[in-house]
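Colleague: Here is the input, now give the coordinates:
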Amino acid sequence: MTVAQDAMMYGRLAIASASVGGMKCCAQIMLRYGDRRTVATGRLLDNPAILARLSDLTAAITAIETLVTTIAAELDRGAAVPIEAYTACKTAAPEFYWQAADSLVQTLGGRGYIETNLAPQILRDARILRIFEGPTEALHLFLGSRVLHQPQDLQSWFDSLGVASIAQKLQSAAAQIRDRQHQDVPAMRWAALRVGELATFAILEAVLEAAAPTEAIARSKRWIEIQFEQILSRAIAPAEMLAATALTESIFAYTAAIGDVEQTAAGEDHELDILLRRSIDSPVPTDAIASEIPHTNQSAEAIAAWLINWLSDKLKIPTQEIDRRRAFADYGIDSVIAVELAHDLEKWLDRSTEIEATIAWNFPTIAALADYLAGESAAVPNELDRLSDAEMADLLAAEIAPRNGGQDDRNAIAFAKRAAGTAADANRTRSLPRTDRDYRAGLSISQKPDAGNLLATAEQRRRCDSRDSDRALVDRRLLRS
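Modeller: You can find the predicted model right below:
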């Protein structure tokens, strides 16, 4: 596990280093073009818009380069570097690189869109880094959870750098964000996401503060401080987000204006992505998630107790603060820790068959995972299989209407009828390939047909996309080792 974690952390450090080189290349091309291109107002390089882009870009370059060199120097002298610092490498550098690539294409105008220069290739290369080795949003959530629940390692590192005041500023800002949220799970996840963004810039500010003072360092630090304050202002402002049901109904309505056009396959792929089809109406592979209930002599209660103690020991959280029905991700579990959990579970249960590293995502709470491992719940419920589309529509209508005070909500019922096809599609996802398992976790742990689970599927699909590349890479590395 140590090897896997080191590989992941060093990979994120390497991505930050590569991003610095990419950003410098963008700056070089923008400068070259701006110096030679003349527009109505004169030399393009003298245009305020170009000057602002290059000023921001050079400040970002200095910040990331300082972060990389600081971590490298710490490693060279044998010091411990917290996981949060490596995470900031990944959450900051590819985002800045992507902004630099976008600014390059915008600066070049039409030239930036054709293949006679490096700009299109840089844009493609920069884009994948926002996903590779952990998507930015997932890592922001992880980083924010660490700051909110396990801040000791990061605070100790800030102390070793001599920048304890920045740690205090981050904790104060995190408390402001947390205190402005409701205490339900979605609100706290939103808080963790925004705190993760702030933590990224706090880490950048910390390494700049600790670095030898130069004019470039001072300017970059001022720029980072401004970004920090802007993120904090947005984070404490009321967030206006539609509920999943309202969004689904609104997007369904787009069909009247643009139709529902099927994408076309390109390249070597001859089958359309099953998650992007209008409907799932053709046979698909039957590698459903854990089609057999596992065999173990341990009860669900014993497994749950073991999981609570394991999480408490691993994450340094008191056992009484661990909620069996709270998602593992809310405690800051990342891909590497999930692999460790699967490995230790397999040893403790003395399983003859391997427990997959993705089990913490397939069954995302202690209660769900314990019930599954004890054989008290199947991986996929069977009740929905027997429902027709019309029955599914009636079920959704019955589930949605009572949530409006028991009144006969015609809009909710009408929406449920239109959503029948979507519900039926969700019902069929039980036969999707293993790589699509995550977003079906809500269906997998339910023992009753529940419209809420079905309507949550779209949100879980989105989170699935944000985790796939990270987990797949860890799995491949573990296999190689």
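
Colleague: Worst mean pLDDT across the helices and strands of the protein, which element?
Modeller: Counting by mean pLDDT, DSSP states H and E, the chain has its least confident helix or strand at helix 441-444, which shows a mean of 35.

Colleague: Tell me which residues touch residue 89, please.
Modeller: Each residue near residue 89 by Cβ atoms under 8 Å, 6 or more residues apart in numbering is listed here: 12-13, 15-16, 64, 67-68, 71. Yep, even glycine has a C-beta here, placed from its N, CA and C like the rest.

Colleague: Now intersect these with the helices, please.
Modeller: 12-13, 15-16, 64, 67-68, 71 (DSSP state H).

Colleague: which SS state does residue 354 fall under?
Modeller: Under the three-state scheme (DSSP: H, G, I helix; E, B strand; the rest coil), residue 354 adopts coil.

Colleague: Return the residues in contact with residue 171.
Modeller: Contact analysis of residue 171 by Cβ under 8 Å, 6+ apart lists 147, 151, 155.

Colleague: would the first one count as being in a helix?
Modeller: So the one you mean is residue 147. Yes: applying three-state DSSP, one finds residue 147 inside a helix.

Colleague: Counting neighbours, what do you get for it?
Modeller: Neighbours of residue 147 under the rule other Cβ atoms under 10 Å: 25.

Colleague: Check what pLDDT it gets.
Modeller: The per-residue pLDDT reported for residue 147 equals 94.

Colleague: for the last one, same thing?
Modeller: What the model reports for residue 155 is a pLDDT of 94.

Colleague: from the middle of its chain, how far away would the host helix or strand of it be?
Modeller: Using DSSP states H and E, the element containing residue 155 is helix 152-161. Relative to its chain's centre, helix 152-161 lies at 25 Å (Cα atoms, centre = their mean, to the nearest Å).

Colleague: Not counting its own residues, what contacts that helix?
Modeller: Taking Cβ under 8 Å, 6+ apart as the rule, helix 152-161 contacts 70, 79-85, 146-147, 164, 166-167, 171, 199, 203, 206-207, 209-210, 316.

Colleague: List buried residues within the residues you listed.
Modeller: Among these, those classed as buried by 16 or more other Cβ atoms under 10 Å are 70, 81-85, 146-147, 166-167, 171, 199, 203, 206-207, 209-210.

Colleague: Report the buried residues of the helix holding residue 155.
Modeller: Neighbour counts using 16+ other Cβ under 10 Å place 153-155, 157-158, 161 of helix 152-161 among the buried residues.

Colleague: Kindly report the same for stretch 186-200.
Modeller: For stretch 186-200, the neighbour count (16+ other Cβ under 10 Å) marks 188-200 as buried.

Colleague: Which of these fall within helices?
Modeller: Among the buried residues of stretch 186-200, DSSP H puts 188-200 in helices.

Colleague: Pick the one among those closest to residue 371.
Modeller: Nearest to residue 371, judged by Cβ to Cβ, of those is residue 189 at 23.0 Å.

Colleague: In contact with the closest one, which residues are there?
Modeller: Neighbouring residues of residue 189 by Cβ under 8 Å, 6+ apart: 141, 329-330.

Colleague: at 10 Å instead, please
Modeller: Listed by Cβ atoms under 10 Å, 6 or more residues apart in numbering, the contact set of residue 189 reads 141, 144-145, 181, 327, 329-330, 463.

Colleague: Name the member of those residues with the most neighbours.
Modeller: Neighbour counts for the contacts of residue 189, by other Cβ under 10 Å, peak at residue 144, which reaches 27 neighbours.
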